[in-house]
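Chemist: All I have is the shape, not the residue letters:
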């Protein structure tokens with residue numbers, strides 16, 4: 001929410017709502033830190049999508065190539081930073097809605113630990129997943145924004161009762177003592193070679209050779225789909241019954257599918273979630289930071305066909321954008337998507353992943369990579 005402005009959340013239905021009475025907690029925090037609010041940006045309707053091909057307001061175009069998507073659901077926020085319109089923006093991340101557009105637009109995106117930043121005043125998609133997060137074109141700007149956003153907030157019931165743990169002051173510490181691994185298995189399959197090579201390039205720069213297996217990551221991805229689809233559908237169900245024709249058709253169909261998920265499937269997915277969280281906690285006993293691709297390929301064209309072939313396998317084009325982000329947000333891990341310096345004609349990103357509340361380690365690694373020129377977010381120069 002922005003005080004005095006109607007919060008659209010990418011929808012047509014929300015135009016009928018009155019203007020917000022007060023700023024969302026994240027907006028208020030940035031204002032207190034001296035930020036000047038410029039405007040509100042485009043997104044997938046109700047944050048349910050990876051492309052920001054919004055039927056109501058049009059697609060958000062990638063500043064590096066306007067024929068291609070910016071990613072989603074926070075595509076407008078990533079594109080504005082990539083184009084140099086603003087140095088910093090806010091978005092939300094449920095299944096990858098910060099990290100996917102950050103990678104496709106070539107900027108830095110942070111998804112802190114679930115509960116680290118207040119969501120008060122945010123239109124939620126799936127309450128047990130949603131995060132509020134910043135985009136920026138430098139690691140320092142990202143850290144300064146994160147430091148301003150941190151802190152407990154009784155207005156958000158899941159916001160952690162932890163004092164702010166400032167990260168901007170950690171950027172010069174280097175990576176000495178950090179154990180860094182490279183995710184294999186699920187995170188090394190069904191991706192184009194450039195996405196996998198981006199991870200290897202970062203690993204070489206960091207001297208990271210240890211391979212790390214995050215068990216049952218593919219199952220975690222599908223369990224995340226079950227939970228988020230079900231929670232999102234439940235939240236919008238009454239409006240969906242009365243005004244289905246006013247939804248973006250893709251969003252409508254996804255919510256309808258979510259409404260049909262049996263409660264037993266939802267409960268099973270939540271039980272698996274608890275198991276998966278414990279298994280991943282064991283992984284971080286041996287490493288501090290894990291490297292993984294952000295997306296399996298660069299930005300597709302706007303209006304691209306529904307399927308594509310990756311590594312000889314036909315996959316759903318749009319849903320597959322979240323194949324590497326969903327298993328991580330499933331259990332609320334902190335992640336930075338860092339843009340690889342000149343990976344090719346279109347941007348790509350690499351995920352830096354840590355254990356809960358260990359954002360400082362991520363910023364140390366990101367700062368080192370930026371200092372060495374391995375990751376960078378140059379101003380987009382779109383091809384005509």
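Modeler: Arrived safely, thanks for sending. Nothing here was measured: the structure is a model prediction, and the numbers come from that model. Residues are numbered from 1 along each chain as shown.
Chemist: which residues are contacting the host helix or strand of residue 104?
Modeler: Taking DSSP states H and E as the definition, one finds residue 104 inside helix 99-105. Identification of contacts with helix 99-105 by Cβ atoms under 8 Å, 6 or more residues apart in numbering yields 50, 52, 62-64, 68-75, 77-79, 81-82, 91, 93, 108-109, 111, 135, 294-295, 298-299, 321-322, 325, 335, 337, 339, 346-349, 351, 380. In this view, the C-beta of every residue, glycine as well, is placed from N, C-alpha and C.
Chemist: Just to be sure, residue 336 is in a strand?
Modeler: Yes. With DSSP: H, G, I helix; E, B strand; the rest coil as the criterion, residue 336 is located in a strand.
Chemist: Could you check how far the nearest residue to residue 153 once chain neighbours are set aside is from residue 25?
Modeler: Once flanking residues are discounted, residue 153 sits nearest to residue 118: 3.6 Å by Cβ to Cβ, 6 or more residues apart in numbering. Here residue 118 is placed at a distance of 4 Å from residue 25 (Cβ to Cβ, to the nearest Å).
Chemist: What of residue 105?
Modeler: 25 Å.
Chemist: Equivalent analysis for residue 6, please.
Modeler: 18 Å.
Chemist: More neighbours: which of these two?
Modeler: Per other Cβ atoms under 10 Å, whichever of residue 6 and residue 25 has more neighbours is residue 25, with 22 against 15.
Chemist: Go ahead and confirm that one touches residue 155.
Modeler: Yes. If you go by Cβ atoms under 8 Å, residue 25 and residue 155 touch, sitting 6.4 Å apart.
Chemist: Mutual contacts of the two, please.
Modeler: Shared contacts of residue 25 and residue 155, counting by Cβ under 8 Å, 6+ apart, come down to 118, 120, 121.
Chemist: So which of those is the closest to residue 129?
Modeler: Lowest distance from residue 129 to the shared contacts of residue 25 and residue 155 (Cβ to Cβ) belongs to residue 118, with 15.4 Å.
Chemist: check contacts around that closest one.
Modeler: Counting by Cβ under 8 Å, 6+ apart, residue 118 has contacts 25, 26, 29, 132, 149, 151, 152, 153, 155, 156, 159.
Chemist: just the buried members of those residues?
Modeler: 25, 26, 29, 132, 149, 151, 153, 156, 159 (16 or more other Cβ atoms under 10 Å).
Chemist: burial of the residue nearest to the fifth one when sequence neighbours are not counted, as a residue count?
Modeler: Closest residue to residue 149 in three dimensions, ignoring its sequence neighbours and counting by Cβ to Cβ, 6+ apart: residue 117, at 4.7 Å. In terms of burial, residue 117 registers 27 neighbours under the definition other Cβ under 10 Å.
Chemist: If we ignore the residues flanking it in sequence, what's nearest residue 57?
Modeler: Nearest to residue 57 is residue 42, by Cβ to Cβ, 6+ apart, at 5.5 Å.
Chemist: what do you get for residue 43?
Modeler: residue 10 (4.3 Å).
Chemist: Double-check the one you found against residue 40; I have them as touching.
Modeler: No. Look at residue 10 against residue 40 with Cβ under 8 Å: they stay out of range, at 10.2 Å.
Chemist: biggest helix in the protein, by residue count?
Modeler: Longest helix in the chain, counting residues (DSSP state H): helix 217-243.
Chemist: Just the buried positions in the helix or strand just after that one, please.
Modeler: Heading C-terminal from helix 217-243, the first helix or strand you meet, by DSSP H and E, is helix 249-259. For helix 249-259, the buried set under the neighbour-count rule, 16+ other Cβ under 10 Å, comprises 250, 251, 252, 254, 255, 258, 259.
Chemist: ok so, going back, now tabulate the shared contacts of residue 25 and residue 155 in JSON lines and tack on pLDDT and distance to residue 238.
Modeler: Shown next, in JSON lines, are those (pLDDT from 0 to 100; distance: Cβ to Cβ, whole Å):
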{"residue": "118", "pLDDT": "98", "distance to residue 238": "26"}
{"residue": "120", "pLDDT": "98", "distance to residue 238": "23"}
{"residue": "121", "pLDDT": "98", "distance to residue 238": "22"}
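Chemist: what sits against residue 279?
Modeler: 214, 215, 216.
Chemist: cutoff 10 Å now
Modeler: 213, 214, 215, 216, 217, 220, 331 (Cβ atoms under 10 Å, 6 or more residues apart in numbering).
Chemist: Now, of those, which are buried?
Modeler: 214, 216, 217, 220, 331.
Chemist: how near is the most centrally placed residue in the chain to residue 146?
Modeler: Geometric centre of the chain, nearest residue: residue 98, 2.6 Å, by Cα atoms, centre = their mean. Using Cβ to Cβ, residue 98 is found at 12 Å from residue 146.
Chemist: where do the helices sit along this protein?
Modeler: Remark: helices assigned in the chain by DSSP H are 25-32, 75-82, 99-105, 139-149, 193-206, 217-243, 249-259, 263-283, 326-329, 359-371.
Chemist: next one: the fourth one to chain centre, how far?
Modeler: On the basis of Cα atoms, centre = their mean, to the nearest Å, helix 139-149 sits 16 Å off its chain's mean C-alpha point.
Chemist: Helix 75-82 and that one, what's the angle between them?
Modeler: Going by axes from the mean of the first three to the mean of the last three Cα atoms, to 10 degrees, helix 139-149 is angled at 130 degrees with respect to helix 75-82.
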